[in-house]
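Student: Structure, please.
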Amino acid sequence: MDINLPDVHAEVSAAFALYEDALIHNKVETLDALFWASPHTVRYGVGENLYGIEAIRAFRNARPAQGLQRELMNTVITTYGCDLATAMTEFRREGSTRSGRQSQTWCRIGGHWVVVAAHVSLLQT
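Tutor: Numbers count the residues shown, from 1 in each chain. So this is what the prediction gives:
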């Protein structure tokens with residue numbers, strides 16, 4: 001298996017950057033498009049466990065649009081072959097001393113990179 005093929009890594013890095021921009025600017029439609037539209041998609045959040053795209057959509061639509069700015073640290077994107085990748089990062093919200101972690105599994109489905117599983121957690125201070 002080829003790890004971190006340059007062109008594949010660049011594609012996933014661009015998708016990850018698009019996701020981050022959509023997240024901090026509350027671009028719900030873009031966030032929705034970057035998650036696999038499937039009942040098999042899973043997102044574990046800081047205070048919620050979401051199973052399926054409909055639950056993820058409902059969460060995104062109900063989430064407050066303020067306080068979304070954050071700084072990323074130690075981001076590691078690894079690609080496995082041409083159609084699978086992971087993106088791991090630490091983050092700190094603006095004005096907070098708590099750090100968080102985010103992991104995403106990305107797959108190329110129908111020619112597009114989408115998140116098929118995600119996990120977000122906060123570390124205790």
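Student: Let me know the secondary structure of the residue nearest to C82 when sequence neighbours are not counted.
Tutor: Distances taken as Cβ to Cβ, 6 or more residues apart in numbering place V8 nearest to C82, at 5.5 Å, with adjacent residues excluded. Heads up, the C-betas are built off the backbone N, CA and C, glycines and all. Of the three states, V8 takes helix according to DSSP: H, G, I helix; E, B strand; the rest coil.
Student: mind listing what V8 touches?
Tutor: T79, G81, C82, A85 (Cβ atoms under 8 Å, 6 or more residues apart in numbering).
Student: ok, those residues vs R70, which is closest?
Tutor: A85 (21.2 Å; Cβ to Cβ).
Student: pLDDT below threshold where in the protein?
Tutor: 125 (pLDDT under 70).
Student: Strands of that one, residue ranges please.
Tutor: 42-44, 49-51, 70-80, 84-93, 99-109, 112-122 (DSSP state E).
Student: Same list (the ones you listed) but as TSV, adding distance to N4 and mean neighbour count.
Tutor: As requested, these are arranged in TSV below (distance: least, Cβ to Cβ, whole Å; neighbours: other Cβ atoms under 10 Å):
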stretch	distance to N4	mean neighbour count
strand 42-44	25	19
strand 49-51	29	14
strand 70-80	5	14
strand 84-93	9	18
strand 99-109	13	18
strand 112-122	15	17
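Student: Could you save those strands as JSON lines and add columns showing distance to F59?
Tutor: Shown next, in JSON lines, are the strands of the chain (distance: least, Cβ to Cβ, whole Å):
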{"stretch": "strand 42-44", "distance to F59": "8"}
{"stretch": "strand 49-51", "distance to F59": "6"}
{"stretch": "strand 70-80", "distance to F59": "18"}
{"stretch": "strand 84-93", "distance to F59": "17"}
{"stretch": "strand 99-109", "distance to F59": "15"}
{"stretch": "strand 112-122", "distance to F59": "11"}
